[in-house]
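Peer 1: Requesting a structural model of the entry that follows:
(one chain, ligands or ions: 1)
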Amino acid sequence: MIMHTILAKCAWWLENSNKRDMPVQAALTVSIATIFLFWCMVAFIKSRRGKVLLPPGPRGLPVVGYLPFLGTNLHTEFAELAHQYGPIFKLQLGNKLCVVLGSPPLIREITRDQDIVFANRDPPLAAVAATYGGLDIAWSPYGSYWRNMRKMFVREMLSGRNLDACYDLRKSEVRKAVEYVSTKVGTVVDIGELIFLTEIKVIMSMLWGGTLDAEKQSKVGAEFKGAVEQIVGTLSKPNISDFFPILARFDIQGIEKQVKALLKKVDEIVDAVIHERIKMVPNNVQDPIRNEAEKDFIQILLELVKLENEGEKITLTQVKAIVMDIMVGGTDTTATMAEWVMTEVLHNREIMEKVQKELEDVIGINNTVEEIHLPKLRYLDAVVKETFRLHPALPLLVPKRPSQSCTVGGFTIPKDTRVFVNAWQIHRDPELWDNPLEFKPERILATPSKWDYSGNNFQYIPFGSGRRICAGIPLAEKMLMYIAASLLHSYDWKSTKSKEADLSEKFGIVMRKSTPLLAIPTKKVDKSGVPA
Ligand code: HEM
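Peer 2: Reported below is the predicted structural model:
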């Protein structure tokens with residue numbers, strides 16, 4: 001049509017030309033047609049390029065987008081929206097475009113096919129403030145800094161050899177918790193509180209061993225517990241500055257200010273410990289870790305600070321950022337999961353009996369649980385894995401941010417979108433699981449090789465998947481199994497009369513129970529009737 005109009009406009013010139021001009025006219029016609037076709041092609045390609053097919057999603061209001069419609073339980077609300085819009089949908093939250101993914105094929109796309117593009121994080125401002133400007137592993141952008149820090153963390157600190165070397169430190173704290181319960185037999189125990197304090201102490205003793213005396217260690221443990229809970233709490237709060245970066249400098253809700261104050265407290269404690277430890281580290285360390293049987297984490301890190309080689313050397317601030325990762329990333333998650341495991345076990349008496357029978361068979365009633373027993377506890381392992389399925393500690397994992405525009409599930413995800421993975425929804429999807437709401441460790445036992453924490457089975461991703469998968473899995477798995485086995489081996493537990501083990505959740509970056517787990521321990525009795 002347009003071509004027709006152009007030719008018509010030129011007709012006066014063609015009609016008024018004489019026969020000698022015929023070749024010129026023909027050339028002109030061909031040229032115009034060619035230019036026009038070229039222009040059409042460019043316009044078509046441009047229109048295709050400019051037209052991005054974003055995922056479907058609910059409409060929001062001008063400026064604020066969908067923010068006013070979101071409640072506090074993001075994981076369930078996202079699952080409901082997925083019901084309406086499908087496993088990939090978008091939400092405009094203030095200035096931020098967010099996309100939520102909730103099916104195994106989509107997880108494969110972002111953690112296998114396009115893993116590098118999705119290896120970036122989208123840290124909330126509170127997380128940046130809590131980690132000395134994002135100097136830790138969890139929130140640092142994808143690149144050589146993150147790669148080196150993670151490699152050092154996994155190879156040097158969490159290697160099998162190093163974890164074995166600090167087993168005694170873990171054992172001593174877990175035994176203290178078991179002994180503490182013996183003073184509480186027949187009375188109500190706040191299991192979450194007990195486990196959290198034990199985890200903090202286990203982590204602190206692995207971090208800095210016997211640097212602090214017992215009394216100071218206890219005091220610092222309580223202070224740390226408070227600080228970690230508050231930091232995780234502020235990370236879970238929606239911060240207006242994250243959705244409207246233009247307002248960030250005003251810190252309207254004071255969240256950054258709160259985090260900085262908490263960090264200052266933690267910083268003072270860690271500084272004091274580092275100061276003590278610096279005195280103990282030899283000056284010219286060339287070959288850290290090797291040939292040494294037992295070292296706590298701070299010592300390993302300080303040896304890296306003192307290295308001459310720039311490529312391997314780290315700074316004191318980096319040491320503190322890693323300590324924050326371990327304290328914040330390692331304690332709340334593991335303690336919360338251990339509390340969920342105990343809750344499910346208390347809720348299902350038959351399952352508790354099966355776990356205890358296995359503990360008796362493998363360990364013997366009068367012996368003490370040791371970490372070497374853990375790989376033999378197959379039923380307890382299935383209980384823990386089933387707990388992770390129903391109550392993943394990080395229901396939305398840690399948000400990702402693609403470093404370039406890309407296509408996922410046939411839709412465009414623009415660069416810098418905040419991408420959530422709803423692991424909670426995938427773990428309860430009736431298309432993927434039989435009776436998904438039923439707590440059934442037998443489903444794990446039926447095909448044990450299918451369910452591990454590697455993130456290779458996209459139907460089961462409690463620790464995430466891809467290159468940013470949790471860096472602390474070996475430690476988390478050991479601690480979780482060890483604490484649960486120790487508490488269930490030494491005592492029978494029953495719910496308090498007033499309360500059945502309550503299974504309701506409270507959403508946060510780490511999803512806790514909405515009410516603490518209170519239970520009464522009783523001494524176990526062996527088959528001859530003698531208290532163990
Ligand atoms: C039950 C316990 C734990 C759970 C459920 C858990 C879960 C997670 C998840 C879901 C992620 C994000 C993965 C992703 O983006 O795909 C993560 C990252 C991380 N976790 Fe854990 N975690 C646990 C314990 C630990 C422990 C004990 C440590 C350290 C001692 C730790 C250190 C980290 C670090 C450093 C990252 C960041 C990894 C990176 O960005 O490269 N976690 N964790």
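
Peer 1: in the stretch 401-532 of the chain, which spans are strands?
Peer 2: 406-408, 411-413, 418-421, 491-495, 505-506, 512-513, 518-523 (DSSP state E, counting those that start in this stretch).

Peer 1: Which one, of those, ends up nearest to R155?
Peer 2: In terms of Cβ to Cβ, the element of these nearest to R155 is strand 418-421, at 26.7 Å. Every C-beta, even on glycine, is put in place using the N, C-alpha and C of the backbone.

Peer 1: check contacts around the spatially closest residue to G409 that is not a sequence neighbour.
Peer 2: Nearest residue to G409, sequence neighbours excluded (Cβ to Cβ, 6 or more residues apart in numbering): I88, at 4.4 Å. By Cβ atoms under 8 Å, 6 or more residues apart in numbering, I88 lies in contact with 55, 99-103, 106, 408-409, 411.

Peer 1: Report the beta-bridge partners for I88.
Peer 2: L101 (DSSP bridges).

Peer 1: The ligand contacts on this protein?
Peer 2: The chain has residues 137-138, 150, 325-326, 329-330, 333-334, 337, 393-394, 397-398, 462-466, 468-472, 475-476, 480 near the ligand, with proximity defined as Cβ under 6 Å from any ligand atom.

Peer 1: neighbours around the residue of the stretch 51-200 of the chain found nearest the ligand, how many?
Peer 2: With Cβ to the nearest ligand atom, the shortest gap between the stretch 51-200 of the chain and the ligand falls at A138, namely 3.6 Å. Residues lying near A138 (other Cβ atoms under 10 Å) number 23.

Peer 1: Which strand or helix spans it?
Peer 2: Under DSSP states H and E, no helix or strand contains A138.

Peer 1: and it, what is it in contact with?
Peer 2: 121, 127, 131, 325, 329, 398, 471.

Peer 1: Apply 7 Å and report the result again.
Peer 2: Counting by Cβ atoms under 7 Å, 6 or more residues apart in numbering, A138 touches 325, 329, 398.

Peer 1: you'd agree the first one is up against S140?
Peer 2: No - the pair D325 / S140 is not scored as a contact, 9.9 Å apart, by Cβ atoms under 7 Å.

Peer 1: For the helix or strand containing T234, C-alpha coordinates in PDB please.
Peer 2: Here T234, judged by DSSP H and E, is contained in helix 214-236. In PDB, the C-alpha atoms belonging to helix 214-236 read as follows (Å, rounded to 0.1, in the frame of the first residue of the first chain):
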ATOM      1  CA  ALA A 214      33.600 -19.900  78.700                       C
ATOM      2  CA  GLU A 215      31.800 -17.000  80.500                       C
ATOM      3  CA  LYS A 216      32.700 -14.500  77.800                       C
ATOM      4  CA  GLN A 217      31.700 -17.100  75.000                       C
ATOM      5  CA  SER A 218      28.200 -17.400  76.600                       C
ATOM      6  CA  LYS A 219      27.700 -13.700  76.800                       C
ATOM      7  CA  VAL A 220      28.900 -13.100  73.300                       C
ATOM      8  CA  GLY A 221      26.700 -16.000  72.100                       C
ATOM      9  CA  ALA A 222      23.600 -14.300  73.600                       C
ATOM     10  CA  GLU A 223      24.600 -11.000  72.000                       C
ATOM     11  CA  PHE A 224      25.200 -12.600  68.600                       C
ATOM     12  CA  LYS A 225      21.900 -14.500  68.800                       C
ATOM     13  CA  GLY A 226      20.100 -11.100  69.300                       C
ATOM     14  CA  ALA A 227      22.100  -9.400  66.500                       C
ATOM     15  CA  VAL A 228      21.600 -12.300  64.000                       C
ATOM     16  CA  GLU A 229      17.900 -12.400  64.600                       C
ATOM     17  CA  GLN A 230      17.500  -8.700  64.200                       C
ATOM     18  CA  ILE A 231      19.700  -8.600  61.000                       C
ATOM     19  CA  VAL A 232      17.700 -11.500  59.400                       C
ATOM     20  CA  GLY A 233      14.500  -9.600  60.600                       C
ATOM     21  CA  THR A 234      15.500  -6.400  58.800                       C
ATOM     22  CA  LEU A 235      16.500  -8.300  55.700                       C
ATOM     23  CA  SER A 236      13.000  -9.700  55.500                       C
END
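
Peer 1: Let me know the next secondary structure element after that helix.
Peer 2: helix 240-243.

Peer 1: which residues are in contact with that following helix?
Peer 2: With Cβ under 7 Å, 6+ apart as the criterion, helix 240-243 contacts 67, 93-96, 124-125, 247-248, 251-253.

Peer 1: Quickly name whichever of those is closest to E350.
Peer 2: P124 (42.0 Å).

Peer 1: The nearest residue to that closest one once chain neighbours are set aside: how many residues sit nearby?
Peer 2: Computed as Cβ to Cβ, 6+ apart, the closest residue to P124 that is not its neighbour in sequence is D242, at 5.1 Å. D242 has 22 neighbouring residues, counting by other Cβ under 10 Å.
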